[in-house]
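Q: Quick one, what's the 3D model for this:
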Amino acid sequence: MWSSNRRTFLLGALAAPALAACGFTPAYGPQGGGAKLLSALQVDAPQSQDDFAYRRRLSERLGPAQTSRYRLSYTITTGVMGQAISQDDVTNRYSLNGTATYRLYDMANDAVLLTGRVSSFTSWSATGTIVATQTAERDAHKRLMRILADQTVTRLLAQAGSLPE
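A: Numbers count the residues shown, from 1 in each chain. So this is what the prediction gives:
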């Protein structure tokens, strides 16, 4: 048991200088810049159920806005496409494709600091009752918004080091 822990420690000790040499900085570390976004991001008001889910996940990841140093505006587009069609021309599975385009503004002067676009997809089955199909579709929308919000946060954190102090 002791040698296993020793190996883990030694591998970690060897990997740390390699990561430091390549310029790796943890997002929430002392020089990472990710802390600039924590509880400092005001997200535009939601206009749809998808917007609510996207905004809620951003708040879960970055915290509710307390100091509002930055404003995030976004546009979400989604599209549904049939994936599996039976022999009697009934669609049994749907794909939900989505894109979130965002802009991060400095609240002090309304300057655009960062822009980006993320996209993903999810799907649901339509083989049950109407209620089950509608519930599955709503769930697919929530999952997609969570994915898009997580991708947005990842991109923002990766670029947070370039944000002004």
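Q: Is Arg71 in a helix, a strand, or coil?
A: Judged by DSSP: H, G, I helix; E, B strand; the rest coil, the three-state class of Arg71 is strand.
Q: what residues are up against it?
A: Contacts here follow CB atoms under 8 Å, 6 or more residues apart in numbering; on that basis Arg71 touches Leu41, Gln42, Val43, Asp44, Leu104, Tyr105, Met107. C-beta: built from backbone N, CA, C; applies to glycine.
Q: hey, what's it bridged with?
A: Gln42, Tyr105 (DSSP bridges).
Q: Quick check: it vs Asp89, distance?
A: Using CB to CB, to the nearest Å, Arg71 is found at 47 Å from Asp89.
Q: How about the contacts made by the spatially closest residue to Thr99 that is not a sequence neighbour?
A: Distances taken as CB to CB, 6 or more residues apart in numbering place Ser119 nearest to Thr99, at 4.3 Å, with adjacent residues excluded. Contacts for Ser119 (CB under 8 Å, 6+ apart) come out as Asn97, Gly98, Thr99, Ala100, Leu148.
Q: These, buried ones only, as a ChimeraX selection?
A: Filtering these down to the buried ones (16 or more other CB atoms under 10 Å) takes a single ChimeraX command:
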select :98,100,148
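Q: List the ones among the contacts of Ser119 that fall in helices.
A: Leu148 (DSSP state H).
Q: Surely Gly34 touches Leu157?
A: Yes: proximity of Gly34 to Leu157 meets the contact threshold set by CB atoms under 8 Å, at 4.7 Å.
Q: ok, back up a step: the residue nearest to Thr99 belongs to a strand?
A: Yes: counting by three-state DSSP, Ser119 is located in a strand.
Q: Next, find the distance separating it from Val153.
A: For Ser119, the distance to Val153 - CB to CB - is 15 Å.
Q: Show me where this protein has its strands.
A: 41-43, 70-85, 91-106, 112-125 (DSSP state E).
Q: Highest mean neighbour count out of these?
A: With neighbours defined by mean count of other CB atoms under 10 Å, none of the strands of the chain is more surrounded on average than strand 41-43, at a mean of 21.
Q: nearest to Gly63, of the strands of the chain?
A: Nearest to Gly63, of all the strands of the chain, is strand 41-43, at 8.2 Å by CB to CB.
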